[in-house]
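# what's the 3D shape of this:
(2 chains)
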Amino acid sequence: QQKVQQSPESLIVPEGAMTSLNCTFSDSASQYFAWYRQHSGKAPKALMSIFSNGEKEEGRFTIHLNKASLHFSLHIRDSQPSDSALYLCAVAASNTNKVVFGTGTRLQVLP
Amino acid sequence: GGIITQTPKFLIGQEGQKLTLKCQQNFNHDTMYWYRQDSGKGLRLIYYSITENDLQKGDLSEGYDASREKKSSFSLTVTSAQKNEMAVFLCASSIRQYQDTQYFGPGTRLLVL
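This next block holds a predicted model:
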């Protein structure tokens, strides 16, 4: 059974900082890795996804994936107060339609 | 674009009661999901369905039933509500499979007295 863990549990950073969020998974056959963001009282929304080892950048957001170490991360450049939210990582193996979400990291960006 | 609608927005039940939550999507997506979220934490998969009349159990299926009679709708039933239970139930849909982006509804907030 896939285990997905996120760290840290919560994080407070000043506006303009680089923020790094981590996600570890247990199934080495995992093929799909994604980050979702959920603002308070709202529905989660997809941010980015990646399928192969390496890095993918979209605007201020970058995903790093290292399948061998069972780890992927989200980096937010020039963090903004509007980035304050719960961040959820998601992982799935190719032989299942079951996407497993992580435990969440609550980010607060102070103006 | 499309939208996912969940009803009701708030649900207050009594211990032991059977409670039904409904979800509708107009994306014409094949796959639909039900998740439970406790106290602003991560999401736990209850049931998912890859097509009409298909049901697959998630990690948290005990105590729940689901129904997908139409492509556009997916219902979840709490078979016996637990006293003091409080959670948000989120419905989501995706085009087909695991690698497709999931689109979430606004959630149903459950409180059991």
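
# Now name the helix or strand holding residue A:13.
Using DSSP states H and E, residue A:13 maps to strand A:10-14.

# tell me what that strand is packed against?
Packing partners of strand A:10-14 (3 or more Cβ pairs under 8 Å, 6 or more residues apart in numbering or on different chains; DSSP states H and E): strand A:19-25, strand A:105-110. C-beta here means a position set from N, CA and C on the backbone, and glycine is covered the same way.

# hmm, stretch B:58-75 in reach of chain A?
Yes. Interface with chain A: stretch B:58-75 contributes B:58, B:59 (Cβ under 8 Å from any Cβ of the partner chain).

# If you average the pLDDT over that stretch, what comes out?
Stretch B:58-75 shows a mean pLDDT of 95 in the predicted model.

# Quote the end-to-end distance of that stretch.
15 Å (Cα to Cα, to the nearest Å).

# Can you check what angle separates the helix or strand harbouring residue A:90 from strand A:105-110?
Residue A:90 belongs to strand A:85-93 when elements are defined using DSSP H and E. Strand A:85-93 and strand A:105-110 are oriented at 150 degrees to each other (axes from the mean of the first three to the mean of the last three Cα atoms, to 10 degrees).

# Return strand A:85-93 as PDB; C-alpha atoms alone will do.
In PDB, the C-alpha atoms belonging to strand A:85-93 read as follows (Å, rounded to 0.1, in the frame of the first residue of the first chain):
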ATOM      1  CA  ALA A  85      -2.400  27.600   1.500                       C
ATOM      2  CA  LEU A  86      -2.300  23.900   2.200                       C
ATOM      3  CA  TYR A  87      -0.100  22.100  -0.400                       C
ATOM      4  CA  LEU A  88      -0.800  18.500  -1.200                       C
ATOM      5  CA  CYS A  89       1.400  16.100  -3.100                       C
ATOM      6  CA  ALA A  90      -0.100  13.200  -5.000                       C
ATOM      7  CA  VAL A  91       1.400  10.000  -6.300                       C
ATOM      8  CA  ALA A  92       0.100   7.100  -8.500                       C
ATOM      9  CA  ALA A  93       1.500   3.900  -9.900                       C
END
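
# What is that strand packed up against?
strand A:4-7, strand A:19-25, strand A:30-38, strand A:71-76, strand A:100-101, strand A:105-110.

# Could you export the ones you listed as CSV, including distance to chain B and mean neighbour count?
Formatted as CSV, the helices and strands packed on strand A:85-93 follow (distance: least, Cβ to the nearest Cβ, whole Å; neighbours: other Cβ atoms under 10 Å in any protein chain shown):
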stretch, distance to chain B, mean neighbour count
strand A:4-7, 8, 17
strand A:19-25, 11, 20
strand A:30-38, 5, 22
strand A:71-76, 15, 20
strand A:100-101, 4, 24
strand A:105-110, 7, 18
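
# Please convert these to a markdown table, extending it with mean pLDDT.
What follows is these, written out as a markdown table (pLDDT from 0 to 100):
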| stretch | mean pLDDT |
| --- | --- |
| strand A:4-7 | 95 |
| strand A:19-25 | 97 |
| strand A:30-38 | 94 |
| strand A:71-76 | 97 |
| strand A:100-101 | 92 |
| strand A:105-110 | 98 |
